[in-house]
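Asker: the following comprises the amino acid sequence and a computationally predicted model.
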Amino acid sequence: MPELWVPGFAGPVDDLIDRIVRRIQQFAEESGVERPSVEIELADGARYDVEALTANPGYGFVTIHPHPHEDVPAEVIVPIGSIKRIELSKAGEERGRLGFSPASDPCPD
């Protein structure tokens with residue numbers, strides 16, 4: 001019997017992140033926007049407007065690349081299991097947010 005993979009531990013994180021990014025791209029196409037707004041909420045209640053999401057460094061951890069704002073870290077590395085919610089919405093100038101860039105991979109392998 002294969003071992004059970006639990007989010008936050010070593011496992012197929014690359015595939016999960018690829019699937020999330022594909023869903024974001026699908027949402028963008030369905031909504032007719034070039035770059036949707038993506039917000040991630042962590043289990044501790046922290047929320048980030050996300051520019052990119054990568055599967056690095058791996059071993060159950062992912063890197064969140066928030067949009068640069070005052071008092072926001074450049075990168076947040078968290079266990080995948082700490083992601084509580086991912087919200088997708090239309091990015092718009094009226095909201096004052098920049099969108100998600102699925103093609104961007106700020107820290108390639």
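Answerer: Right, received. Where do you want to start? Numbering: from 1, shown residues only.

Asker: direction included, what does the strand ranked longest in the chain pair against?
Answerer: In the chain, ranked by residue count with DSSP state E as the criterion, the top strand is strand 47-58. When pairing is defined by DSSP bridges, strand 47-58 lines up against strand 37-42 (antiparallel), strand 61-66 (antiparallel).

Asker: possible to save these as TSV with distance to Glu75?
Answerer: Placement of C-beta: from N, CA and C, glycine included. Below are those laid out as TSV (distance: least, C-beta to C-beta, whole Å):
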stretch	distance to Glu75
strand 37-42	13
strand 61-66	5
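
Asker: among the ones you listed, which is nearest Ser89?
Answerer: strand 37-42 (4.7 Å; C-beta to C-beta).

Asker: buried set for that closest one?
Answerer: Within strand 37-42, the residues scored as buried using 16 or more other C-beta atoms under 10 Å are Ser37, Val38, Glu39, Ile40, Leu42.

Asker: Pro79: which of those is nearest?
Answerer: Nearest to Pro79 among those, with distances taken as C-beta to C-beta, is Leu42, at 9.7 Å.

Asker: how close does the closest one get to Asp14?
Answerer: According to C-beta to C-beta, to the nearest Å, Leu42 stands 20 Å off from Asp14.

Asker: could you do Glu70 as well?
Answerer: Applying C-beta to C-beta to Glu70 and Asp14 gives a distance of 32 Å.

Asker: burial check on the spatially closest residue to Val62 that is not a sequence neighbour, number of neighbours?
Answerer: Distances taken as C-beta to C-beta, 6 or more residues apart in numbering place Ile80 nearest to Val62, at 5.3 Å, with adjacent residues excluded. Using other C-beta atoms under 10 Å, Ile80 is surrounded by 19 other residues.

Asker: do I have it right that Ile80 meets Val13?
Answerer: Yes - in this structure, Ile80 is within contact of Val13 by C-beta atoms under 8 Å, at 5.5 Å.

Asker: mind pulling up the pLDDT for the residue nearest to Val62?
Answerer: If you check Ile80, the pLDDT there is 89.
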